[in-house]
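> I'll drop the sequence and a predicted model, then ask my questions.
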Amino acid sequence: VERIHGGRSPPGTIDLSVPTNPRGPPGWVLDAAARGLRRLTSYPDYQYHEAREALSRLSGARPELIVPLNGAAEALYLLALALRPERIVSVEPTFGDHRLLAQAIGARWRPIVWPPGGDPPVEEYCREASKGRALGLVSNPDNPHGGMVPPGLVEEMARCTSGVLLVDEAFIRLSDHPEWSLQARPPPGAVVAGSLTKELSVPGARAGYLVAPDPRLADMLDAVRQPWNLNSIAAEIIVEAGRDPERYEGFLAGSREMIRILRSEYEGLLSRAGLQVYPSHAPYILARGPENLHECLVRAGFYVRDASGYPGLSRGYVRFSLVPGVAERLAVAVGGCVGA
Ligand SMILES: Cc1ncc(COP(=O)(O)O)c(C=O)c1O
């Protein structure tokens, strides 16, 4: 089975394939991780009381609606197990192995394409998601293209879904519209996922959560997670983050500022080098160039995410994560690949 994700950069290349917070983890996160490490010899509290309280303070959602996750990525699998959908309707291109999951559980997979730079395909989504027992999925912002869906449209999508719509907000608090988050109060029919993994740039720690719209669904999803799905390091990071929500918000606000600056620098250099650059509200950029762009950039020392395998995209599409301090070298490398 081939699962393709970022982060497997060949030795000697600069890794631009993992979208996360370019600011990197603050010191208090590393201190919390060290405390978690010292707890490795005992099981964490499998009900995660403290972590739920912390996530409640960070998201604004009631603790009984929150399920802690081994990264936001776990949300889809818990929903599939709890709801046993007949169809998975995913707005694409987006993160996740939806085709494989649908195959494994005997569900139909209906990808609905949201073209980079275009409007969210709400009507097409609703046509498919209103049939059968559907598990819908939309990422807000989308990854890889960084488009966003205004909350009114997300609500419309949740209303038309015959089962449940998963709104993946892994990047929303690093985006241009953190205020569009529905975590504090998910509308009926929507489960919202969030990621401290992304916000704090600790992908190895796996720290996420979901918020259900009602306690019954939250309990159902909680019942199908394995008892210790959050390891003690991730749990400690979450508890520490929730200790001081103002510190957390300050860190995110500074991160968003850094992302805006880096993104506009990247957009300028990529378009000057001759790539087609799509408008992004997120900490990454989708661009299109010659068919061999990915291979050429790897040879030039930059491992970007080959986006050609996503539904709706094709060869020549690549995604750039925003890494500070490499813009000049990247401009030379892209220029070489486009001119070649
Ligand atoms: C939209 C989206 N959701 C979730 C994830 C994974 O998040 P986590 O590491 O918290 O599982 C990714 C990773 O790239 C992503 O792009």
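Great, that's in hand. Note that this is a predicted model, so its numbers are computed, not measured.

> average pLDDT for stretch 114-124?
In this model, stretch 114-124 has an average pLDDT of 97.

> list of residues touching that stretch?
Contact partners of stretch 114-124, identified using Cβ atoms under 8 Å, 6 or more residues apart in numbering, comprise 91-93, 112-113, 138, 142, 145, 147, 149, 153, 156-157, 278-279, 286, 312-313. Placement of C-beta: from N, CA and C, glycine included.

> contacts only, for the residue most central in space within the chain.
For the chain, the residue lying nearest the average C-alpha position, counting by Cα atoms, centre = their mean, turns out to be Ala170 (3.7 Å). With Cβ under 8 Å, 6+ apart as the criterion, the residues that contact Ala170 are Ala72, Phe95, Ser139, Asn143, Ala193, Gly194, Ser195, Thr197, Lys198, Gly208.

> what sits closest to the second one if chain neighbours are left out?
Among residues not flanking Phe95 along the chain, Asn143 sits closest, at 4.8 Å (Cβ to Cβ, 6 or more residues apart in numbering).

> secondary structure element for that neighbour?
Here Asn143, judged by DSSP states H and E, is contained in no helix and no strand.

> show me where pLDDT drops low in the stretch 101-250 of the chain?
Within the stretch 101-250 of the chain, no stretch falls below the threshold (pLDDT under 70).

> tell me the secondary structure at Lys198.
The three-state label given to Lys198 by DSSP: H, G, I helix; E, B strand; the rest coil is helix.

> what's the pLDDT at Ala340?
The per-residue pLDDT reported for Ala340 equals 57.

> what helices or strands is the longest helix along the chain leaning on?
Within the chain, and with DSSP state H defining each element, the longest helix by residue count is helix 245-272. Helix 245-272 makes packing contacts with helix 49-59, strand 276-277, strand 284-288, helix 327-339 when contacts are defined by 3 or more Cβ pairs under 8 Å, 6 or more residues apart in numbering; DSSP states H and E.

> got the CA positions of the first one in PDB?
The reference is to helix 49-59. Written as PDB, here are the backbone C-alpha positions of helix 49-59 (Å, rounded to 0.1, in the frame of the first residue of the first chain):
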ATOM      1  CA  HIS A  49      -9.200  15.000  32.500                       C
ATOM      2  CA  GLU A  50      -6.500  17.600  32.700                       C
ATOM      3  CA  ALA A  51      -5.800  17.600  28.900                       C
ATOM      4  CA  ARG A  52      -9.500  18.000  28.200                       C
ATOM      5  CA  GLU A  53      -9.700  21.000  30.600                       C
ATOM      6  CA  ALA A  54      -6.700  22.500  28.900                       C
ATOM      7  CA  LEU A  55      -8.200  21.900  25.400                       C
ATOM      8  CA  SER A  56     -11.400  23.400  26.500                       C
ATOM      9  CA  ARG A  57      -9.600  26.600  27.600                       C
ATOM     10  CA  LEU A  58      -7.700  26.700  24.300                       C
ATOM     11  CA  SER A  59     -10.700  26.000  22.000                       C
END
